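Colleague: sequence first, predicted model second:
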Amino acid sequence: MRNLIIEPTPKTPKVILNADINVFEVSGRSIPEDSVGFYRKILDWIDEYSKTPNPSTNFKFQLEYFNTSSSKCLLDLFRKLEKLAKGGQDVSITWCYDADDEDMAETGEDYKALLDVSFELVSI
Amino acid sequence: MNKVTAEAGHIEDHGLGFTYPCYKDMADNNIIFAFRGRVNSDLVTHVLEMMGEKLEDENESKKVTKKLSNVMVECLTNVYAEDDPALMDQGYDPTALLLVKKITNTYSVITGSYVPTRRVHEIKGMLDHINNLDTEELKKYYKEKLEEEDVNQNGLTILGMIDLARKSRHNLIYHFKHENKNYTYFMLEAQISTKTL
């Protein structure tokens, strides 16, 4: 399948979704005015990927900060990964946060509590 | 060159007379950053960069800088989420005000913007409800709202306000200045104590 690579901007994150090398990463800032439009491309890509997933899938998130509408979109994204895991696939999520950013750590804990998928918090 | 008017005996201000009181007000209220204009996500990025540089110059800790940035993102996001295009035809000022002040160990992020008067009761109720919740209740409420499907703009505003209260770890301070039946000026303050960081 085609990879999805989105270069970062001051208000949108870098996205690398490359099934060939098994790298799935979202990093940077996420404060777009149209969060739904931005994340739609990622959600559609995951739908397509879910048809023939790799034996193991680890999604890594390393966000600097994000707005409220992005937080909803991220949950939608996590739900898709959770669905894939519930279907018997080996899926995990890694939530990386700056050691000085207690809010990002707390947000990761909130998501972890809401999800039924391997969700690891990593302080960097 | 300035002229001294015979009657008043003072130097003409060339329309700049407001500047000193403006400066004095800001200085007396410990305002360290001020902006007035339309808010969008580009502006949020620029403001964060400027504040980041300012805090770095003042040798503020990374934890405080992070916390202040997170709170400012929420405050500004709420301002542009509340920017109601329906009011544009009613002659209201679409600009928002952002102020950051610092008094000893407390930073305050203050926003001011117009909201439709019909929404005042609803916003007040939402903020009073949030201010009555303790840390654990806020966390639970946040998760409930995050999980709600088909969220409209109002739902996002509630989620943003809960997030703001959680991040600031203080009650949100607010005030409304009624202007007319169409719009009201809404002022919101989120405080951050650096002592607990």
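Modeller: Everything's here; your move.

Colleague: flag every residue of chain B that's near chain A.
Modeller: B:40-42, B:44-45, B:61-63, B:66-67, B:69-70, B:73-74, B:77-78, B:80-81, B:139, B:142-143, B:146-147, B:151, B:156, B:159-160, B:163, B:166-167, B:197 (C-beta under 8 Å from any C-beta of the partner chain). In short, each C-beta sits where N, CA and C put it, glycine included.

Colleague: give me the subset of these lying in strands.
Modeller: With DSSP state E as the criterion, strands contain none of those.

Colleague: average pLDDT across stretch B:60-75?
Modeller: For stretch B:60-75, mean pLDDT is 93.

Colleague: buried stuff in that stretch?
Modeller: By neighbour count with 16 or more other C-beta atoms under 10 Å in any protein chain shown, stretch B:60-75 contains the buried residues B:60, B:64-75.

Colleague: what is the top helix by length along chain B packed up against?
Modeller: Counting by DSSP state H, the longest helix found in chain B is helix B:62-81. Applying 3 or more C-beta pairs under 8 Å, 6 or more residues apart in numbering or on different chains; DSSP states H and E, we find helix B:62-81 packed against strand A:56-66, helix A:68-86, helix A:102-114, helix B:41-57, strand B:96-103, strand B:106-116, helix B:153-168, strand B:183-193.

Colleague: pretty sure A:Ile93 is touching A:Phe119, no?
Modeller: Yes - A:Ile93 lies in contact with A:Phe119 (C-beta atoms under 8 Å); the separation is 4.8 Å.

Colleague: overlap in contacts of the two?
Modeller: Residues touching both A:Ile93 and A:Phe119 (C-beta atoms under 8 Å, 6 or more residues apart in numbering or on different chains): A:Phe78.

Colleague: higher neighbour count, these two?
Modeller: Using other C-beta atoms under 10 Å in any protein chain shown as the criterion, A:Ile93 and A:Phe119 rank with A:Ile93 on top: 24 against 21.

Colleague: in a strand, that one, correct?
Modeller: Yes - under DSSP: H, G, I helix; E, B strand; the rest coil, A:Ile93 falls within a strand.

Colleague: who's in contact with it?
Modeller: A:58-61, A:78, A:81, A:115, A:117-120.

Colleague: quick one: the residue most central in space within chain B and B:Gly17, what's the gap?
Modeller: Nearest to the mean C-alpha position of chain B, by C-alpha atoms, centre = their mean, lies B:Thr111 at 1.7 Å. Applying C-beta to C-beta, to the nearest Å, the value for B:Thr111 to B:Gly17 is 27 Å.

Colleague: now do B:Ser41
Modeller: Remark: distance between B:Ser41 and B:Gly17 (C-beta to C-beta) = 36 Å.

Colleague: which one of the two has more residues nearby?
Modeller: Using other C-beta under 10 Å as the criterion, B:Ser41 and B:Gly17 rank with B:Ser41 on top: 22 against 11.

Colleague: surely the more buried one meets A:Glu33?
Modeller: Yes - counting by C-beta under 8 Å, A:Glu33 is a contact partner of B:Ser41 at 5.1 Å.

Colleague: leaving out sequence neighbours, find the closest residue to B:His170.
Modeller: B:Gln191 (4.4 Å; C-beta to C-beta, 6 or more residues apart in numbering or on different chains).

Colleague: give me the number of residues near that neighbour?
Modeller: Look at B:Gln191: counted by other C-beta under 10 Å, it has 18 neighbours.

Colleague: nearest residue to A:Val91 other than its sequence neighbours?
Modeller: A:Ala85 (3.9 Å).

Colleague: with B:Phe33 instead?
Modeller: B:Val100 (4.1 Å).

Colleague: and for A:Asp76?
Modeller: Spatially, and ignoring its direct neighbours in sequence, A:Asp76 is nearest to A:Leu43 (6.2 Å; C-beta to C-beta, 6+ apart).

Colleague: check contacts around the one you found.
Modeller: A:73, A:76-77, A:80 are the contacts of A:Leu43 under C-beta under 8 Å, 6+ apart.

Colleague: excluding chain neighbours, what is closest to residue 64?
Modeller: Going with chain A. Leaving aside its chain neighbours, A:Glu64 sits nearest to A:Arg29 (4.9 Å; criterion: C-beta to C-beta, 6+ apart).

Colleague: that's the other chain; I wanted chain B
Modeller: Closest to B:Val64 by C-beta to C-beta, 6+ apart is B:Thr194, at 5.1 Å.

Colleague: test my guess that the one you found contacts B:Ser108.
Modeller: No - counting by C-beta under 8 Å, B:Thr194 does not reach B:Ser108; the two are 11.7 Å apart.

Colleague: which helix or strand contains A:Asp44?
Modeller: A:Asp44 belongs to helix A:35-49 when assigned by DSSP states H and E.
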